[in-house]
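1. below is the sequence, then the predicted model.
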Amino acid sequence: MHEHSAHAEHVYTSAQRDSAAASSPVVASWRRCMTMHQLAPEDARAPLRLTEQEFQSAREQSEQLIASATEELDRLFTTVGKAGCCLLLTDKNGIALERRGAAGDDKQFRELGLWTGSVWTEASIGTNGIGTALADERAVAIFRDQHFFCSNTSLSCTTAPIRDHRGRLAAALDISTCRDDVNEMTLAILTQTVRDAAMRIELNLFRSAFTGARFLMVPAGANSAAALLAVDRHDLVLGATRAARIALQLDDKRIAAGIPAADALHEAVVSQEDEIVEAEKAALLRALSRVGGNVSKAAIALGISRATLHRKMKKLDLH
């Protein structure tokens with residue numbers, strides 16, 4: 001009980017100091033909880049829970065998210081599940097849609113509200129991995145007494161946001177544990193693990209939004225794996241992940257206007273005439289490749305005579 005009082009006092013004192021709120025994302029979250037959401041750290045409470053009807057509606061609205069995340073959740077749980085960790089996938093409103101946990105840990109996690117249908121926003125349950133990651137739109141780790149409520153100080157959690165095919169906040173992936181032997185180093189490892197898993201789910205969402213498109217990886221330093229362009233058969237950009245948008249300074253307006261991938265990637269500028277020549281050369285090469293280099297078959301596929309194809313090949317230096 002004394003520990004809870006001390007924690008509440010520390011939250012109040014820290015949140016009232018402007019310097020602390022400005023320098024610490026955790027303290028900034030504590031201040032939001034008190035000023036925006038009218039919460040008190042000494043209260044013991046569980047997160048809000050949806051009715052069954054509300055929960056099913058939320059799942060229906062996130063059908064593609066769940067489909068894109070299921071395999072990754074299963075894979076991630078085989079890695080961290082036996083270490084006393086619980087996984088939650090939430091939508092952008094903090095609603096827990098999917099959960100993975102070991103049966104032996106279920107009782108404790110359920111009491112804390114780490115269960116499907118619970119709402120893990122800051123407004124619902126104060127500073128926590130999911131709510132703070134959604135509020136700040138960045139990956140966060142909340143270690144024990146960094147939680148707002150005294151009742152959650154046994155919990156350590158790390159969360160990464162997930163973005164949709166337009167780079168907008170769509171969901172969050174969380175790993176939580178109540179193990180006493182978890183330290184900040186362990187949490188740092190889990191943080192990288194959950195960020196990698198969230199990125200793979202994000203890429204699954206992106207690919208599912210542009211079925212039939214080609215995907216180009218954008219050179220973007222440390223974020224290269226997450227920086228993808230979806231391109232149509234005419235080399236026009238259909239979509240870009242958030243990492244690609246940042247690297248190439250793309251937005252919805254530029255994409256909707258129809259920007260060639262070569263221009264987006266700042267490739268060497270060539271004349272319109274050279275572009276036409278290269279396009280014709282590429283079409284002939286594809287036709288020849290599909291028939292193993294047989295000129296007669298390629299000519300039939302292209303709807304031209306064998307002699308015409310030979311002339312074009314000579315002109316384009318394809319012999």
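-> Right, received. Where do you want to start?

2. rest of the way, CA atoms for contacts and neighbours
-> Noted.

3. which stretches of the stretch 151-300 of the chain form strands?
-> Per DSSP state E, counting those that start in this stretch, the stretch 151-300 of the chain has strands spanning 156-163, 169-177, 214-217, 228-231, 237-240. These are given in chain order.

4. so for Gln272, which of the ones you listed sits nearest?
-> With distances scored as Cα to Cα, the stretch of the strands of the stretch 151-300 of the chain nearest to Gln272 is strand 237-240 (18.6 Å).

5. now that closest one, how far from the centre of its chain.
-> Per Cα atoms, centre = their mean, to the nearest Å, the displacement of strand 237-240 from the mean C-alpha position of its chain is 17 Å.

6. quick one: strands adjacent to it?
-> Partner strands and pairing direction for strand 237-240 (DSSP bridges) are strand 228-231 (antiparallel).

7. hey, C-alpha coordinates of the strand it pairs with in PDB?
-> Included here for strand 228-231 are C-alpha records, laid out as PDB according to Å, rounded to 0.1, in the frame of the first residue of the first chain:
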ATOM      1  CA  LEU A 228       8.200  -0.100 -50.500                       C
ATOM      2  CA  LEU A 229       6.500   1.300 -53.600                       C
ATOM      3  CA  ALA A 230       3.500  -0.500 -55.300                       C
ATOM      4  CA  VAL A 231       3.900   0.100 -59.000                       C
END
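
8. circling back: and Gln108, which of the strands of the stretch 151-300 of the chain is closest to it?
-> In this view, these are compared for proximity to Gln108 by Cα to Cα, and strand 169-177 is the closest at 10.0 Å.

9. the closest one pairs with which strands, parallel or anti?
-> The partner list of strand 169-177 in its sheet, established with DSSP bridges, is strand 85-91 (antiparallel), strand 156-163 (antiparallel).

10. contacts only, for Asp252.
-> Residues touching Asp252, when contacts are defined by Cα atoms under 8 Å, 6 or more residues apart in numbering, comprise Arg166.

11. again but with Thr132, I slipped
-> Counting by Cα under 8 Å, 6+ apart, the residues that Thr132 touches are 29, 121-122, 140.

12. gap between the nearest residue to Ala262 once chain neighbours are set aside and Arg214?
-> Across the structure, with Cα to Cα, 6 or more residues apart in numbering as the measure, the residue nearest Ala262 apart from its sequence neighbours is Asp235 (7.6 Å). According to Cα to Cα, to the nearest Å, Asp235 stands 9 Å off from Arg214.

13. how about Lys82?
-> With Cα to Cα as the criterion, Lys82 and Arg214 are 38 Å apart.

14. more neighbours: which of the two?
-> Arg214 (16 against 13; other Cα atoms under 10 Å).

15. picking that back up, go through the strands of the stretch 151-300 of the chain and name the closest to Ala279.
-> Closest approach to Ala279 among those is made by strand 228-231 (15.9 Å; Cα to Cα).

16. count the residues that sit near the residue nearest to Ala262.
-> Each residue near Asp235 was counted by other Cα under 10 Å, and the total is 16.

17. tell me if I'm right that it and Pro260 touch.
-> Yes - using Cα atoms under 8 Å, Asp235 is in contact with Pro260, at 5.6 Å.

18. can you map out the helices along the stretch 101-250 of the chain?
-> Counting by DSSP state H, counting those that start in this stretch, residue ranges of the helices within the stretch 101-250 of the chain are 106-112, 122-125, 129-136, 184-209, 242-248.

19. remind me which residues of this protein are low pLDDT?
-> 1-3, 220-223, 268-271, 274, 319 (pLDDT under 70).

20. how does it divide up, domain by domain?
-> The chain is divided into the following domains under automatic domain parsing: 46-207, 211-264, 272-315.

21. from the ones you listed, which stretch is densest packed?
-> Most buried of the domains of the chain by mean neighbour count (mean count of other Cα atoms under 10 Å) is domain 46-207; its value is a mean of 20.

22. next, the distance between the ends of that one.
-> One end of domain 46-207 to the other measures 37 Å (Cα to Cα).

23. just stretch 236-253 next, same as before
-> By Cα to Cα, one end of stretch 236-253 lies 14 Å from the other end.

24. who's the closest residue to Phe210 other than its chain neighbours bridged to?
-> In space, not counting the residues next to it along the chain, Phe210 is nearest to Ala230; the distance is 6.7 Å by Cα to Cα, 6+ apart. Applying DSSP bridges to Ala230 yields these beta-bridge partners: Phe215, Gly239.

25. again with Glu98
-> Beta-bridge pairing of Glu98 under DSSP bridges involves Leu89.
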